[in-house]
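Undergrad: based on what follows, work out the 3D shape:
(one chain, ligands or ions: 2)
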Amino acid sequence: MSKTPVRVAVTGAAGQIGYALLFRIASGEMLGKDQPVILQLLEIPDEKAQNALKGVIMELEDCAFPLLAGVEAHSDPLQAFKDTDYALLVGARPRGPGMERADLLAANAQIFTAQGKALNAVASRNVKVLVVGNPANTNAYIAMKSAPDLPAKNFTAMLRLDHNRAASQLAAKTGTAVGDIKKLTVWGNHSPTMYADYRFATTNGKSIKDLVNDQVWNADTFLPTVGKRGAAIIAARGLSSAASAANAAIDHMRDWALGSNGEWVTMGVPSNGEYGIPAGVVFGFPVTTAGGEYKIVEGLEIDAFSQERINITLAELQGEQDGVKHLL
Ligand SMILES: NC(=O)C1=CN([C@@H]2O[C@H](COP(=O)(O)OP(=O)(O)OC[C@H]3O[C@@H](n4cnc5c(N)ncnc54)[C@H](O)[C@@H]3O)[C@@H](O)[C@H]2O)C=CC1
Ligand SMILES: O=C([O-])CC(=O)C(=O)O
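TA: Ligands and ions are numbered 1, 2, ... in the order given. Okay, here's the model as predicted:
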């Protein structure tokens, strides 16, 4: 017997990430090849954006995806989020050359206050929320604080692109396949201060730290390459990353919904005080996922270098949070 369709809301549906994301959700890559979905798409109430959204929906229809049980176009979050089981909050202004993601805070913070309130009012009480729009951690924090009737743990931010970028760099460095890399994580903020940590990582069961054995490469090449990859893509493309961002969103939601089979993945999630991160801060942590829940990997040793990096990214996040206090 076929499964009951689930509702998936996507904001910014006519944007670049939306265009790389919706077709993969509708084809079953996010929630499974046996899970029908109803897409509830949100765009701003602007003629050009709504028309673009109509065009995207025509293309979705033309794919004749067997799992696509319905598509709705909305300009009001109260309608787009009605009874939604999953919400991918992508819609926000992207940065251009020379900007940091934190520069988007003022432009984007209000979107996430309004959308948090709308989720609080109308979404499924079990809704799983992924914030992609930048600055992603702080926007997830804003949405979570604006939705007091929903469990805080259901609000997450996308650090998976950083995780995937780190894995790819390490595969190249060690000459191994990216799919063989395990136990990697990225701590902190989705910003250049993020701390991609391969101290526990393995490839084909061998320690990556031992294989690399080069702390200068770690500090001076690896971390800046991963941390500034978004800016490098903007410099090269003139637009921020879209296909890789959509891919990471699929990875994040798929693993959360269907489980990571014991593997570590990175999610930005509200801390419960783990590793000394103050409760409520939405921070990149190593997690495992099963049964629709994530669990922070605990008990990892934090050496002096790692603590220093974690403190830097935490301080940045706390500064961002202070900057949006007046909205909450
Ligand atoms: N967390 C991460 O790893 C990454 C985050 N991003 C962020 O994702 C966001 C979207 O990026 P793109 O798709 O490239 O931008 P885009 O400009 O191509 O598309 C954004 C879309 O969102 C819509 N939008 C704006 N405000 C909205 C609102 N209140 N409700 C619904 N829709 C709204 C716009 O009309 C536009 O169609 C940006 O903030 C970008 O910085 C991008 C890459 C990676
Ligand atoms: O860099 C940006 O502005 C877009 C983004 O978040 C990324 O590619 O990591």
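Undergrad: what packs against the lengthiest helix in the chain?
TA: Ranked by residue count and defined by DSSP state H, the top helix of the chain is helix 304-323. When contacts are defined as 3 or more Cβ pairs under 8 Å, 6 or more residues apart in numbering; DSSP states H and E, helix 304-323 sits against helix 136-145, strand 185-187, strand 195-197, strand 282-290. (Each C-beta comes from the backbone N, C-alpha and C, glycine too.)
Undergrad: CA atoms of it as CSV?
TA: Provided in CSV are the C-alpha atoms of helix 304-323 (Å, rounded to 0.1, in the frame of the first residue of the first chain):
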residue,chain,number,x,y,z
ALA,A,304,43.6,23.5,23.0
PHE,A,305,43.6,24.3,19.2
SER,A,306,40.0,23.1,18.9
GLN,A,307,38.8,24.9,21.9
GLU,A,308,40.3,28.1,20.6
ARG,A,309,38.5,27.7,17.3
ILE,A,310,35.2,26.8,19.0
ASN,A,311,35.5,29.9,21.2
ILE,A,312,36.0,32.1,18.1
THR,A,313,32.9,30.8,16.2
LEU,A,314,30.8,30.8,19.4
ALA,A,315,31.7,34.4,20.1
GLU,A,316,30.7,35.4,16.6
LEU,A,317,27.3,33.6,17.0
GLN,A,318,26.7,35.2,20.3
GLY,A,319,27.4,38.6,18.7
GLU,A,320,24.9,37.9,16.0
GLN,A,321,22.3,36.8,18.6
ASP,A,322,22.8,40.0,20.5
GLY,A,323,22.3,42.0,17.3
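Undergrad: how many neighbours does the residue of the chain found nearest ligand 2 have?
TA: Per Cβ to the nearest ligand atom, Gly230 is where the chain lies closest to ligand 2, at 2.2 Å. Neighbours of Gly230 under the rule other Cβ atoms under 10 Å: 24.
Undergrad: surely it and Ser244 touch.
TA: No. Counting by Cβ atoms under 8 Å, Gly230 stays clear of Ser244, with 9.6 Å between them.
Undergrad: overlap of the contact sets of these two?
TA: Here Gly230 and Ser244 have Leu161 as joint contacts, going by Cβ atoms under 8 Å, 6 or more residues apart in numbering.
Undergrad: which positions in stretch 256-267 come out as buried?
TA: 256-260, 264-267 (16 or more other Cβ atoms under 10 Å).
Undergrad: take those residues and lay them out in TSV including distance to Gly284, secondary structure and pLDDT.
TA: Listed next are these as TSV, based on distance: Cβ to Cβ, whole Å; DSSP: H, G, I helix; E, B strand; the rest coil; pLDDT from 0 to 100:
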residue	distance to Gly284	secondary structure	pLDDT
Trp256	14	helix	98
Ala257	19	helix	98
Leu258	21	helix	98
Gly259	20	coil	98
Ser260	15	coil	98
Trp264	12	coil	98
Val265	11	strand	98
Thr266	5	strand	98
Met267	7	strand	98
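Undergrad: does stretch 67-75 reach ligand 1?
TA: No. Residues of stretch 67-75 are not located near ligand 1 by Cβ under 6 Å from any ligand atom, the shortest gap being 8.1 Å.
Undergrad: any idea how far Ala87 is from Ala147?
TA: 10 Å (Cβ to Cβ, to the nearest Å).
Undergrad: would you mind naming what in the stretch 101-250 of the chain lies close to ligand 2?
TA: 101, 134, 161, 230-231, 233, 240-241, 245.
Undergrad: restrict those to those near ligand 1?
TA: Answer for these near ligand 1 (Cβ under 6 Å from any ligand atom): 134, 161, 240-241, 245.
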